[in-house]
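Participant: could you look at this predicted model? Sequence included:
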Amino acid sequence: MKVLELRRHAAREKEADALTPEGRVQAEDLGRSLTHRFDVVFVSPARRAAETAAWILRGAGHPVPDHAVVQGLVSDQEDRWRAAGKASHSSRLDALVLHEPGFIGDEVKRLTAVIEGLIDRVPEGGRGLAVGHSPLLEAAVYGLTGAVIEPLKECEGVALIRSDEEHPTFRLEELRRSRSVQT
């Protein structure tokens, strides 16, 4: 079994790719609440993702494990994602698909492959952390599990638990600020 936590970055500055003071507190508080260690950490190329991971680890009191910046955790078509959100008046994945089915479908496939590759890099019996962006993380969750989850708020996420059988299956645990939900 392997676990990969997908987390949205903490609160960011409006005009900069950096966390706000509140965002640093959010991530550090999340770290303090964790009862587990991460064997590997992945972040998108965005500074706010790396800062979020660093503050989570600081709050947990854990050293930085093996880590990598993963280009695939961002989209080179952010404007299309935003346009789909604006057109649908929602950031829910199922609403976005109604306005851009081909594009969103292609992005789901791409993001699914990226996350599967990251899970492969988590050691057997281990746990990884990937910090990225909404709605990209939700798209990967859909691609791997078929579940449409509510949009992630800052520092929220999901744990993808993969069984390592001949045909791996995924179990999903939502990691919300106020609760954990298993599906």
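Facilitator: Done, it's in.

Participant: what's next to stretch 21-33, contact-wise?
Facilitator: Here stretch 21-33 makes contact (C-beta atoms under 8 Å, 6 or more residues apart in numbering) with 7, 9-12, 19, 48, 51-62, 154-155. (C-beta placed from N, C-alpha, C; glycine too.)

Participant: for the protein, which segments count as strands?
Facilitator: Remark: strands assigned in the chain by DSSP state E are 2-8, 40-43, 66-69, 127-132, 157-162, 170-175, 180-182.

Participant: what lies in contact with the third one?
Facilitator: Outside of strand 66-69, the residues that reach it under the criterion C-beta under 8 Å, 6+ apart are D39, V40, V41, F42, V43, S44, P45, A50, A53, R121.

Participant: can you give me phi and psi for the residue nearest to R177 when sequence neighbours are not counted?
Facilitator: The shortest distance from R177 to any non-neighbouring residue, by C-beta to C-beta, 6 or more residues apart in numbering, is to E156 (5.9 Å). Main-chain dihedrals, E156, degrees, to the nearest 10: phi -80, psi 160.

Participant: would you quantify the distance from E156 to R121?
Facilitator: Going from E156 to R121 by C-beta to C-beta, to the nearest Å gives 23 Å.

Participant: could you list the buried residues of stretch 64-80?
Facilitator: For stretch 64-80, a neighbour-count test (16 or more other C-beta atoms under 10 Å) marks H67, V70, G72, L73, V74, S75, R80 as buried.

Participant: pick the one among the contacts of strand 66-69 closest to A95.
Facilitator: S44 (23.1 Å; C-beta to C-beta).

Participant: the lengthiest helix in the chain - contacts with which helices or strands?
Facilitator: Longest helix of the chain, by residue count under DSSP state H: helix 101-120. Using 3 or more C-beta pairs under 8 Å, 6 or more residues apart in numbering; DSSP states H and E, the elements in contact with helix 101-120 are strand 2-8, helix 78-88, helix 93-99, strand 127-132, helix 136-145, strand 157-162.

Participant: could you dump it to PDB, C-alpha only?
Facilitator: C-alpha atoms of helix 101-120 as PDB (Å, rounded to 0.1, in the frame of the first residue of the first chain):
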ATOM      1  CA  PRO A 101     -15.400  18.800 -22.300                       C
ATOM      2  CA  GLY A 102     -12.500  18.000 -24.700                       C
ATOM      3  CA  PHE A 103     -10.000  20.200 -22.900                       C
ATOM      4  CA  ILE A 104     -10.900  19.100 -19.400                       C
ATOM      5  CA  GLY A 105     -10.900  15.500 -20.500                       C
ATOM      6  CA  ASP A 106      -7.400  15.900 -21.900                       C
ATOM      7  CA  GLU A 107      -6.200  17.600 -18.700                       C
ATOM      8  CA  VAL A 108      -7.800  14.800 -16.600                       C
ATOM      9  CA  LYS A 109      -5.800  12.200 -18.500                       C
ATOM     10  CA  ARG A 110      -2.600  14.300 -18.300                       C
ATOM     11  CA  LEU A 111      -3.000  14.900 -14.500                       C
ATOM     12  CA  THR A 112      -3.900  11.300 -13.800                       C
ATOM     13  CA  ALA A 113      -0.700  10.200 -15.500                       C
ATOM     14  CA  VAL A 114       1.300  12.700 -13.500                       C
ATOM     15  CA  ILE A 115      -0.200  11.600 -10.100                       C
ATOM     16  CA  GLU A 116       0.200   7.900 -11.000                       C
ATOM     17  CA  GLY A 117       3.900   8.600 -11.600                       C
ATOM     18  CA  LEU A 118       4.200  10.400  -8.300                       C
ATOM     19  CA  ILE A 119       2.500   7.500  -6.400                       C
ATOM     20  CA  ASP A 120       5.000   5.100  -8.100                       C
END
